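Asker: Okay, predicted coordinates and the sequence, questions at the end:
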Amino acid sequence: MRTLALWDIDHRLLSIGSLSAEIYAEVFEDVTGRPLEQLADMTGRTGRAVPAAP
């Protein structure tokens, strides 16, 4: 089975406050099988700029 994950990286589609980070971490682990080590600051960044976030 193939899995496609679409991330709402800039919260334009969905924003639920601080709960977003908890859900993001849980889904990340479910999809990748690895725990999320650090959540990048995605505020105002495009998809290509997120991996370069400090």
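Answerer: Nice, I can see it.
Asker: And the closest residue to W7 other than its chain neighbours, how close does it get to L39?
Answerer: Spatial nearest neighbour of W7, excluding adjacent residues (Cβ to Cβ, 6 or more residues apart in numbering): Y24 at 7.8 Å. Glycine gets a C-beta too; all of them are placed from N, C-alpha and C. Using Cβ to Cβ, to the nearest Å, Y24 is found at 7 Å from L39.
Asker: before we move on, back to that, need the contact list for the residue nearest to W7.
Answerer: Y24 is in contact with W7, L36, L39, counting by Cβ atoms under 8 Å, 6 or more residues apart in numbering.
Asker: residues contacting A25?
Answerer: A25 makes contacts with P35, L36, L39, as judged by Cβ under 8 Å, 6+ apart.
Asker: Closest to R2 out of those?
Answerer: Set against R2, the nearest of the contacts of A25 by Cβ to Cβ is L36 (21.7 Å).
Asker: Spell out the secondary structure type for that closest one.
Answerer: coil (DSSP: H, G, I helix; E, B strand; the rest coil).
Asker: doesn't D30 make contact with it?
Answerer: No - if you go by Cβ atoms under 8 Å, L36 and D30 don't touch, sitting 10.6 Å apart.
Asker: Same drill for the two, tell me which one is more crowded.
Answerer: Using other Cβ atoms under 10 Å, the more surrounded residue of L36 and D30 is L36, with 14 against 10.
Asker: and the more buried one, how far is that from E22?
Answerer: L36 sits 10 Å away from E22, taking Cβ to Cβ as the criterion.
Asker: got the residue ranges for the strands in this structure?
Answerer: For the chain, strands defined by DSSP state E do not occur.
Asker: pLDDT below threshold where in this protein?
Answerer: Applying pLDDT under 70 to the chain picks out residues 9-11, 14-17, 41-54.
Asker: can you give me the helices for it?
Answerer: Using DSSP state H, the helices found in the chain span residues 19-32.
Asker: State the distance from D8 to M1.
Answerer: 23 Å.
Asker: Between the two, which has more neighbouring residues?
Answerer: Comparing D8 with M1 by other Cβ under 10 Å, the one with more neighbours is D8, at 12 against 2.
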